[in-house]
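S.K.: just need the structure, nothing else, for what follows:
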Amino acid sequence: MKLLLLGSGGREHALAWKLVQSPLVTSLVVAPGNPGIAALPRAECVVLDPTKSGPVVELARSRAIDLVVVGPEAPLVAGVGDALRSAGFDVFGPDAAGARIEGSKAFAKEIMQAAGVPTAKFEVFTEAEAAARRALEWGPVVVKADGLAAGKGVVVATSGAEAAEACRELAKIPGGKQILLEDVLTGPELSVMALCDGERWVLLAPSQDHKRVFEGDTGPNTGGMGAYAPANFLSAAQLEEIGRTVIGPTLRELARRGANFKGALYAGLMLTPSGPKVLEFNARLGDPETQVLMMQLDEDLVPLLRDCARGTLQARALKQRAGFSVGIVLAAAGYPESPRTGAEISASVPRDDQQLFHAGTKSVDGKLVTSGGRVMTACAFGSTIGAARESALALAKSVTWEGRHFRADIGAKAP
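M.R.: Below you'll find the model as predicted:
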């Protein structure tokens, strides 16, 4: 099979790493990719904007692609999946109607209400000042920008004054045309991701992301500073229940509205004292969770994605490695507010049980340099969570550039 993968981040490097392991894959084209992906066997990176439907369809045609895998959310929201399907290609990634579940948090809440999916009480505002006035009354509250914000559109405010200011600040970003206020929920957070064919689904191992930039879960929110899997405070029975009460009803409600959700449905959950509740939905696999999930998955990914795209998925339990995977994000100086780029990277060669997934990197005059906020994810597999953490930390420490920082406590609270 000839595959096309859209995207350039750590998630896409992890997907590409897993995809080229399949005996079914003869070639993998990645647009635009990154230097880490370019070094994989049978992989080729092509400079192309993955949100532009015309060039993406033309690339797929010129390479006689058998399956397109869409990594990030922006091409999905832009309707690239729709254009590819109209051109006759099998696509892993929902259509634009399905991707609205990530593109609009207000829409996602509407879907949850209609489907009976447990979530926090919320209100939606079209004017920042109206939201700010309500936030002052509400007190501690979660403030969210409605649209895409690269993981930075959520503020958990501890006071009404902080919430009101967050309303005004989030209204200034492109995704802030609407503002949501939600009750603050308590409990451990986790990510549950399903590979879906529009009707059926299979669940990847539950994982836990670490959003705050500094150790001890302090500092501003980020796109994610690390993750581990499996999140073993969730039992197999609880995971199955989340499939029945969250994933299934959401897919049915989307289908009822005409959405073609053949892709990854990501449920960000909190295990509250009254049971699991959905914090957010994404229409793609998570980053940095995908990096550890690909290390955990103990079977060929390609047939799963192909069957999702064709609507022929068989619901079953996936094969997982017996052990744990930990991923530590290596970030550029100044991340997340103002990451500094262009620093030369020095990296060692990972061991067999380790992987260094590229994200914000590029090659300049034969040198590897930083080109984004989240630069790499240092991942490791181990028989215990402690062994995996120790190995991932050793790998993280072996990669250096000026101003590089990371959290050394990823997975430290795992049971």
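
S.K.: which residue ranges form the strands in the stretch 151-300 of the chain?
M.R.: 154-157, 179-182, 189-196, 201-203, 208-209, 212-214, 218-221, 226-229, 264-272, 275-282 (DSSP state E, counting those that start in this stretch).

S.K.: poorly predicted segments of the stretch 151-300 of the chain, please.
M.R.: The stretch 151-300 of the chain contains residues with pLDDT under 70 at 151.

S.K.: which among the strands of the stretch 151-300 of the chain is found nearest to residue 357?
M.R.: Checking these against residue 357 by C-beta to C-beta gives strand 226-229 as the closest, at 11.7 Å. From N, CA and C alone the C-beta is placed, and that goes for glycine too.

S.K.: rewinding a little: minimum distance to residue 44: which of the strands of the stretch 151-300 of the chain has it?
M.R.: strand 264-272 (23.7 Å).

S.K.: check contacts around the nearest residue to residue 197 once chain neighbours are set aside.
M.R.: Once flanking residues are discounted, residue 197 sits nearest to residue 313: 3.8 Å by C-beta to C-beta, 6 or more residues apart in numbering. Contact analysis of residue 313 by C-beta atoms under 8 Å, 6 or more residues apart in numbering lists 195-197, 200-202, 304, 307.

S.K.: do residue 108 as well
M.R.: Listed by C-beta under 8 Å, 6+ apart, the contact partners of residue 108 are 100-102, 280-281.

S.K.: show me what residue 122 is bridged to.
M.R.: residue 182 (DSSP bridges).

S.K.: what is the burial count for it?
M.R.: By other C-beta atoms under 10 Å, the residues close to residue 122 number 17.

S.K.: could you do residue 169 as well?
M.R.: 14.

S.K.: any idea how far it lies from residue 220?
M.R.: 12 Å (C-beta to C-beta, to the nearest Å).

S.K.: with residue 301 instead?
M.R.: Residue 301 sits 33 Å away from residue 220 when distances are taken as C-beta to C-beta.

S.K.: of these two, which one has the most company?
M.R.: Counted by other C-beta under 10 Å, residue 301 and residue 220 do not tie: residue 301 has more neighbours, with 22 against 13.

S.K.: follow-up on the earlier one: ok, of the contacts of residue 108, which one's closest to residue 25?
M.R.: Among those, and counting by C-beta to C-beta, the member closest to residue 25 is residue 102, at 27.5 Å.

S.K.: so the helix or strand containing that closest one versus strand 189-196, what angle?
M.R.: If you go by DSSP states H and E, residue 102 is part of helix 96-103. Between helix 96-103 and strand 189-196, the angle comes out at 170 degrees (axes from the mean of the first three to the mean of the last three C-alpha atoms, to 10 degrees).

S.K.: which residues are in contact with helix 96-103?
M.R.: When contacts are defined by C-beta under 8 Å, 6+ apart, helix 96-103 is touched by residues 73, 76-79, 81-82, 93, 107-108, 111, 147-148, 250, 254, 257-261, 263, 265, 281-284.

S.K.: now, of those residues, which are buried?
M.R.: Buried members of the contacts of helix 96-103, counted by 16 or more other C-beta atoms under 10 Å: 73, 76-79, 81-82, 93, 107-108, 111, 147-148, 250, 254, 259-261, 263, 265, 281-284.

S.K.: residue boundaries of the helices in the stretch 301-415 of the chain?
M.R.: Per DSSP state H, counting those that start in this stretch, the stretch 301-415 of the chain carries helices over the ranges 301-310, 385-398.

S.K.: same for the first one, what does it pack against?
M.R.: Of the remaining helices and strands, those touching helix 301-310 by 3 or more C-beta pairs under 8 Å, 6 or more residues apart in numbering; DSSP states H and E are helix 10-19, strand 67-70, strand 91-92, strand 189-196.

S.K.: point out the most buried one among the ones you listed.
M.R.: Of all the helices and strands packed on helix 301-310, strand 91-92 carries the top mean neighbour count, a mean of 30, counting by mean count of other C-beta atoms under 10 Å.

S.K.: who does that one pair up with?
M.R.: Partners of strand 91-92 in its sheet, by DSSP bridges: strand 67-70 (parallel).

S.K.: now tabulate the helices of the stretch 301-415 of the chain in TSV and tack on mean pLDDT and distance to residue 321.
M.R.: Shown next, in TSV, are those (pLDDT from 0 to 100; distance: least, C-beta to C-beta, whole Å):
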stretch	mean pLDDT	distance to residue 321
helix 301-310	98	13
helix 385-398	97	11
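
S.K.: among these, which is nearest residue 140?
M.R.: Once the helices of the stretch 301-415 of the chain are compared by C-beta to C-beta, helix 385-398 is nearest, at 31.7 Å.

S.K.: output the closest one as CSV, restricted to C-alpha atoms.
M.R.: This file holds the C-alpha atoms of helix 385-398, laid out as CSV (Å, rounded to 0.1, in the frame of the first residue of the first chain):
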residue,chain,number,x,y,z
ILE,A,385,6.1,2.9,35.0
GLY,A,386,9.3,3.6,37.0
ALA,A,387,11.6,1.9,34.5
ALA,A,388,9.9,3.7,31.6
ARG,A,389,10.2,7.1,33.4
GLU,A,390,13.9,6.6,34.2
SER,A,391,14.7,5.6,30.6
ALA,A,392,12.7,8.5,29.1
LEU,A,393,14.4,11.0,31.5
ALA,A,394,17.8,9.6,30.5
LEU,A,395,17.0,10.2,26.8
ALA,A,396,15.6,13.7,27.5
LYS,A,397,18.8,14.7,29.3
SER,A,398,20.9,13.4,26.4
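
S.K.: sticking with residue 85, tell me its helix or strand.
M.R.: Short version: residue 85 belongs to helix 80-86, going by DSSP H and E.
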